[in-house]
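Peer 1: I need the structure of the sequence given here:
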Amino acid sequence: MKTRVALALAAQLVVTAPAWAQQTLIHAGSLIDGVNDAARQRVSVVVEDNRIVAIESGFVDAQASQQLIDLSDYTLMPGLMDMHTHVDGVTNAESYTEGFFKDPAYFALRATTYAEATLMAGFTTVRNLGGDVSLAMRDAINEGHIQGPRIYAAGKSIATTGGHADPTNGINRHLRTLEGDPTPERGVINGPYQARQAVRQRYKEGSDVIKLTVTGGVLSLAKSGHNPQFMDDELEGIMDAAKDYGFVVAVHAHGAEGMKRAVKAGVHSVEHGTFMDDEVMALMKQHGTYYVPTITAGRWVAEHADQYPAIVQPKARLVGPQIQKTFAKAYAAGVPIAFGTDAGVFPHGLNGREFGYMVEAGMPAMAAIQSATMGGARLLRIDQELGSVEVGKLADLVAVKGNPLEQISLMESVTFVMKDGEVVKAP
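Peer 2: Residues are numbered from 1 along each chain as shown. Okay, here's the model as predicted:
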């Protein structure tokens, strides 16, 4: 009797036991892990499901249950992170008017190509700072319907009346009357109570992060590119609500006064930072505020100033060339840096150019790569899951052929991409 029971139980165990998971074994000629300041040579990384389960020195032999990926001529790195993208669209000469002729569905479908280009460039995680379709795109990517990076989306940016990101700037009186004055629901606030309402609306809509435009901007149809546009009490209202809901808050800022107000209020990152002065840098170091430089966007708008509306052109020529100079000073001063490009100001998929501009301005190649790995992960508070090649972390991995520490331009030619344990691009 006991024997029959034991056999029945054993048979049940065989039937219900899960099949052994397939493992992927990667032989990497060099490994930049996102944490250490030196690369490791000849390393084997084992991935099971969507996690890194082992990292061993040397090229270990593949087992029967393992799929081998030979990257022995490549440098393996954590999946790259861009902390400032707009995967919803591209700003160019046509973008100022195409909203009158195209339906929202068109922009959503077109944006899927931007998301895929970003992923194929090696950026497995992005923080999307403003855009109407990024929340839906995030969900579609997470559910496997389309290819793209892991998106942390802000939804509609929050502005003040007439400020950068007020969607009614520049349109005629008749259209403004039809549109009506934008409300906190549409991302335009005046005063601390509306500021709190706007944050709560972003939470209601499912935003992951908050984006504010605390100074004028280059590409908006408004005169100033750098004047302060939020009062202290409005920033206090934003941050009070953001803390309650656990939001990371990013601020678009070109002018120093707007940055000072924002950093003192406790925001988590300053984007662009064009006219950052010594006082701002000291405040950012004191508060641990990250700087996301977006040099690529600055260079692009300066080089293509003639393609924009007349009111934009002088701002593009003034602001664009300055960002790289400011970045050089901020890095030398020890301001925390997280990688970000403002992709969408320039064509998606060119995000890797930022590495070269950072190195050109004085940042070592390893530090630039770390700013796009653990730097971004820490800013987003996801460093326990992503940002480095460590056992237990999610398997987001990219590789380039050769040594990017000696030739940083290789970061523009990522040839291997694994996101969440799945190979989406192979050499």
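
Peer 1: what distance separates stretch 196-205 from the middle of the whole chain?
Peer 2: In terms of CA atoms, centre = their mean, to the nearest Å, the centre of stretch 196-205 is found 21 Å from the chain centre.

Peer 1: nope, stretch 401-414 is what I was after
Peer 2: That offset, for stretch 401-414, works out to 20 Å (CA atoms, centre = their mean).

Peer 1: got the contact list for that stretch?
Peer 2: With contact meaning CB atoms under 8 Å, 6 or more residues apart in numbering, stretch 401-414 is reached by 30, 32, 39, 73-75, 80, 120-122, 350, 352-353, 355-356, 359, 365-366, 368-369, 398-400, 415, 425, 427. C-beta here means a position set from N, CA and C on the backbone, and glycine is covered the same way.

Peer 1: mind running it again at 6 Å?
Peer 2: 73-75, 121-122, 352, 355-356, 359, 365, 398, 400, 415 (CB atoms under 6 Å, 6 or more residues apart in numbering).

Peer 1: any idea which strand is longest in this protein?
Peer 2: strand 66-78 (DSSP state E).

Peer 1: Pairing partners for it, with directions?
Peer 2: strand 23-31 (parallel), strand 397-401 (antiparallel) (DSSP bridges).

Peer 1: returning to that earlier point: any chance of TSV for the contacts of stretch 401-414, columns pLDDT, distance to V263 and neighbour count?
Peer 2: Formatted as TSV, those follow (pLDDT from 0 to 100; distance: CB to CB, whole Å; neighbours: other CB atoms under 10 Å):
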residue	pLDDT	distance to V263	neighbour count
D73	97	44	13
Y74	98	40	24
T75	98	36	24
A121	98	31	25
G122	98	31	30
G352	98	29	24
F355	98	26	26
G356	98	28	19
V359	98	27	20
A365	98	28	20
V398	98	32	25
V400	98	35	25
T415	97	39	17
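
Peer 1: low pLDDT regions in the stretch 51-200 of the chain?
Peer 2: Confidence mapping of the stretch 51-200 of the chain against pLDDT under 70 gives the ranges 165, 167-172, 174-180.

Peer 1: ok, back up a step: just name the closest of the contacts of stretch 401-414 to K325, please.
Peer 2: Distances from K325 to the contacts of stretch 401-414, taken as CB to CB, are shortest for V359 (14.9 Å).

Peer 1: Helix, strand, or coil at the closest one?
Peer 2: Following DSSP: H, G, I helix; E, B strand; the rest coil, the label given to V359 is helix.

Peer 1: and the nearest residue to it once chain neighbours are set aside, how many residues sit next to it?
Peer 2: Nearest residue to V359 in three dimensions, chain neighbours excluded: I408, at 4.7 Å (CB to CB, 6 or more residues apart in numbering). Neighbour count for I408, taken as other CB atoms under 10 Å: 22.

Peer 1: hey, where'd the helices end up in the stretch 301-427 of the chain?
Peer 2: 313-319, 322-333, 353-360, 365-371, 374-380 (DSSP state H, counting those that start in this stretch).

Peer 1: which one is S95 nearest to, not counting chain neighbours?
Peer 2: G89 (6.4 Å).

Peer 1: Confirm that neighbour sits in a helix?
Peer 2: No: the assignment for G89 (three-state DSSP) gives coil, which keeps it out of a helix.

Peer 1: okay, now it: neighbour count?
Peer 2: Around G89 there are 19 residues (other CB under 10 Å).

Peer 1: With I146 instead?
Peer 2: I146: 15 neighbours (other CB under 10 Å).

Peer 1: next one: V251
Peer 2: V251 has 31 nearby residues by other CB under 10 Å.

Peer 1: quick one on the thing from earlier: what would the strands paired with strand 66-78 look like in CSV with distance to I238?
Peer 2: Output for the strands paired with strand 66-78, formatted as CSV (distance: least, CB to CB, whole Å):
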stretch, distance to I238
strand 23-31, 41
strand 397-401, 35
